[in-house]
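# what would the 3D arrangement of this be:
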Amino acid sequence: MKPRQRFVLITLATLVGMGLTIALGFWQLGRAAQKEALQARMEAPDARHLVDNALLLASPQPETLLYQHALLRGHWLAEHTLYLDNRPMHDRVGFYVITPLQLDGSERVVLVQRGWVPRNFEQRDKLPAISTAEGPVQVQGRLALPPGKLFELGPQDSGAIRQNLDLAQWSAQTHLGALAVLLTQTGAPSEGLLRDWPPPQLGVEKHYGYALQWFGMATALALFYLWYQFLKPIIQRPKDNDPHA
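Below is the predicted model:
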């Protein structure tokens, strides 16, 4: 290959590589901006844009509404309350209390992570005392995925006290049509439950880190190109008065 052809080919490859890596860097910055906007909406919910029963039930994929604030109306199905074990809050171990809420005007239910209670370590099978309202209620919170799964020995539990929540298994056991998202109830402590939930981790810093890596790769490509195509040939060029040239 002639030097001129090699120069053109290397130049084009460098430009394509730099264009791609810069584009990916800006894409990561865009994702970070989207998640920062979502984080701002989560921290300051707008009452005008709360998800309601109609919007939640009409969504073909409720997962698209994750992290949005919701105000749902229905009534508790207290007999199906679950207690997820070994869940900490304020450096204490206890239960996450989850109760299905049957939505008004529908047979569908949404599981509500109502709050946290300490467990009785002397009577480990004793359920904590909480109050559950009868009749119509409205519950405000944030739509979320089920709590993260913990390691467990043996098969999945099937009683009120469980280590983890398997939505599909729970729906099959109860014959209730549970939606694919939960509602993490927010607000002041009530009904014997604490609700000091950690904020969702959206991974904004991860996108900034990826963007830095892509921009760094673009910079490295530019520096390698300048070095091998211009600076190194100049440095290695024989001098006119060099007797060995």
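
# all contacts plus neighbour counts: C-alpha atoms, from now on.
Will do.

# give me the pLDDT for residue 45.
The predicted local distance difference test score for residue 45 is 63.

# same thing with the one 5 residues further on?
Per-residue confidence for residue 50 comes out at a pLDDT of 88.

# identify the bridge partners of the closest residue to it other than its chain neighbours.
Leaving aside its sequence neighbours, residue 50 sits nearest to residue 70 (C-alpha to C-alpha, 6 or more residues apart in numbering; 4.7 Å). In this structure, residue 70 has beta-bridge partners residue 51, residue 141, where bridges are defined by DSSP bridges.

# let me see the contact set for residue 70.
Residues in contact with residue 70, defined by C-alpha atoms under 8 Å, 6 or more residues apart in numbering, are 50, 51, 52, 140, 141, 142, 143, 183.

# need the next SSE after the helix or strand harbouring residue 33, C-terminal direction.
Applying DSSP states H and E as the criterion places residue 33 in helix 3-43. On the C-terminal side of helix 3-43, the nearest following helix or strand under DSSP H and E is helix 53-58.

# so what strands line up beside the longest strand along the chain?
Among all segments of the chain classified by DSSP state E, the strand with the greatest residue count is strand 92-103. Strands that pair with strand 92-103, judged by DSSP bridges, come out as strand 69-76 (antiparallel), strand 82-89 (antiparallel), strand 109-118 (antiparallel).

# what residues does the second one touch?
Read it as strand 82-89. For strand 82-89, the external contacting residues (C-alpha under 8 Å, 6+ apart) are 93-99, 116, 159-165, 196.

# again with stretch 162-174
Counting by C-alpha under 8 Å, 6+ apart, the neighbours of stretch 162-174 from elsewhere in the structure are 80, 82-86, 146-150, 152, 156-157, 177-178, 180.

# distance from that stretch to the middle of the chain?
Relative to its chain's centre, stretch 162-174 lies at 21 Å (C-alpha atoms, centre = their mean, to the nearest Å).

# what's the most centrally placed residue in the chain sitting at in phi/psi?
Nearest to the mean C-alpha position of the chain, counting by C-alpha atoms, centre = their mean, stands residue 202 at 5.0 Å. In this entry, residue 202 is assigned phi and psi values of phi -90, psi -10 (degrees, to the nearest 10).

# wouldn't it be in contact with residue 35 here?
Yes: with contact taken as C-alpha atoms under 8 Å, residue 202 and residue 35 are classed as touching, separated by 6.6 Å.
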